[in-house]
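> have a look at this prediction, sequence included:
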Amino acid sequence: MSDKHLNKKHLNKEFLHKELLHKELLNKDQAASSNIAVAYVHSSDSEQAKRIAKKWHLPYLGDSKAAAKQANLRFLLQVNEQYLELCKLDEPKLGAISVDFVDGAVAHRRKFGGGRGQDIAKAIGLKHGFRPHVLDATAGLGRDSFLLASLGCQVTMMERMPIVAALLDDGLARAQLNSEVADIANNMALIYASSLDNMALAAQPDIVYLDPMYPHREKSALVKKEMRVFQSLVGEDLDADNLLAPALKLAKYRVVVKRPNYAPPLADKKPSMSIKMKKNRFDVYVNLAIPKE
Ligand SMILES: C[S@@+](CC[C@H](N)C(=O)[O-])C[C@H]1O[C@@H](n2cnc3c(N)ncnc32)[C@H](O)[C@@H]1O
């Protein structure tokens, strides 16, 4: 595994590189970013909202109340008492989503989810004290990444949508300031880039983890409100099949893909083994056996 500090230095350089990648990323995100703006709920959060708009190249709206007058806006990224939240303006009842590694579902899963006995830990291969460097190449809201980091992995997250990356960046920054989870958050780094072409920016991952968006079968009423906001923003990752080959090339030990049970394997490639759960499964592609320490 690469040295944590070296890796952090390396990631700082990558942040500059990320700015260059922004143009390429805009293509996928253009539709979403043209109907989204950044705002504040209380004027005390206005500086933070301005900084976020500038950092992620998103339009700055000012007071969130102004959103009501903007007919073309679909989403609002608002700073609310230092939390960055995403709201779907045409369905306000769905509520706002944010990345919160300190409280809520993610914290609950960390405390009561079953530790290294969980299916995701088995799929990654976290037995015999193995503490791998995992590249989560489809980071999303970082829930799986945080869980893996809490189980002792060093995690590099890659996310291509600026709105999602902004939420993740905000959640990570708050977690780094919280004494209960700072050690976990300090083992996580975010690269804002598309992993289709930039996977190798993550230095020598032991494991590559993939969880691309797949069309949901459940009727939308059954999908949790939070997921409905997220799904309507991200859509489907129709190019996900193309992630498997670079992942297999880069991962030292294995590639793990999370799929709904009804979905075919990624790129129709049969995995070495699968771990089945109630609604999803982990397809595991083994490159090399995990060492028994
Ligand atoms: C289903 S979500 C992942 C959820 C995540 N596992 C979690 O626990 O929160 C899929 C995410 O992968 C991102 N994504 C898809 N393809 C990507 C790519 N080629 N590079 C970077 N991010 C990608 C999407 O933008 C989306 O945010």
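It's in.
> which residues touch the residue of the stretch 51-200 of the chain found nearest the ligand?
As assessed by C-beta to the nearest ligand atom, the ligand sits closest to residue 140 within the stretch 51-200 of the chain, at 2.6 Å. C-beta: built from backbone N, CA, C; applies to glycine. The neighbours of residue 140, taking C-beta atoms under 8 Å, 6 or more residues apart in numbering as the test, are 159, 164, 168, 211, 230, 234.
> so which strand or helix has residue 84?
Under the criterion of DSSP states H and E, residue 84 resides in strand 83-88.
> mean confidence score for that strand?
The pLDDT scores in strand 83-88 average 95.
> same question for stretch 167-177.
97.
> quick one: contacts of it?
Taking C-beta under 8 Å, 6+ apart as the rule, stretch 167-177 contacts 52, 77, 82-84, 86, 97-102, 139-142, 146, 157, 159, 181-182, 184-186, 188, 190, 192.
> before we move on, what SS does residue 138 have?
Following DSSP: H, G, I helix; E, B strand; the rest coil, residue 138 is assigned to coil.
> now it: how far from residue 108?
Per C-beta to C-beta, to the nearest Å, residue 138 is found 23 Å from residue 108.
> go on, residue 247?
30 Å.
> looking at these two, which has the bigger crowd around it?
For residue 247 versus residue 108, the count of surrounding residues by other C-beta atoms under 10 Å is larger for residue 247: 26 against 10.
> list the contacts of the more buried one.
137, 199, 208, 210, 255.
> might one say that the third one is in contact with residue 158?
This means residue 208. No. Contact between residue 208 and residue 158 fails when scored by C-beta atoms under 8 Å: they sit 9.7 Å apart.
> residue 289: how many residues sit nearby?
Residue 289 has 9 neighbouring residues, counting by other C-beta under 10 Å.
> shouldn't it be within a helix?
No. Applying three-state DSSP, one finds residue 289 to be coil, outside a helix.
> find the nearest non-adjacent residue to it, please.
Distance criterion C-beta to C-beta, 6 or more residues apart in numbering; nearest residue to residue 289, sequence neighbours excluded, is residue 253 at 7.6 Å.
> run a quick neighbour tally on the one you found.
Neighbours of residue 253 using other C-beta under 10 Å come to 19.
> again with residue 51
Residue 51 has 13 nearby residues by other C-beta under 10 Å.
> distance of it relative to residue 62?
Residue 51 is 14 Å from residue 62, by C-beta to C-beta.
> if we can go back for a sec, and the ligand, is the strand holding residue 84 touching that?
No. Judged by C-beta under 6 Å from any ligand atom, strand 83-88 makes no contact with the ligand; its nearest approach is 11.7 Å.
> CA atoms of whichever helix or strand comes after that strand as CSV?
Downstream of strand 83-88, the first helix or strand assigned by DSSP H and E is helix 104-112. The C-alpha trace of helix 104-112 is given here as CSV (Å, rounded to 0.1, in the frame of the first residue of the first chain):
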residue,chain,number,x,y,z
GLY,A,104,-27.7,9.9,10.1
ALA,A,105,-27.7,6.7,8.1
VAL,A,106,-24.0,6.5,7.3
ALA,A,107,-23.0,7.0,10.9
HIS,A,108,-25.5,4.3,12.0
ARG,A,109,-24.2,1.9,9.4
ARG,A,110,-20.6,2.5,10.7
LYS,A,111,-21.7,1.8,14.3
PHE,A,112,-24.2,-1.0,13.9
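> and the helix or strand just after helix 104-112, average pLDDT?
Remark: after helix 104-112, the chain's next helix or strand is helix 119-124, criterion DSSP H and E. On average, the pLDDT along helix 119-124 is 96.
> packing partners for helix 119-124?
helix 143-150, strand 254-260, strand 273-276, strand 280-286 (3 or more C-beta pairs under 8 Å, 6 or more residues apart in numbering; DSSP states H and E).
> among these, which is nearest residue 240?
strand 254-260 (9.0 Å; C-beta to C-beta).
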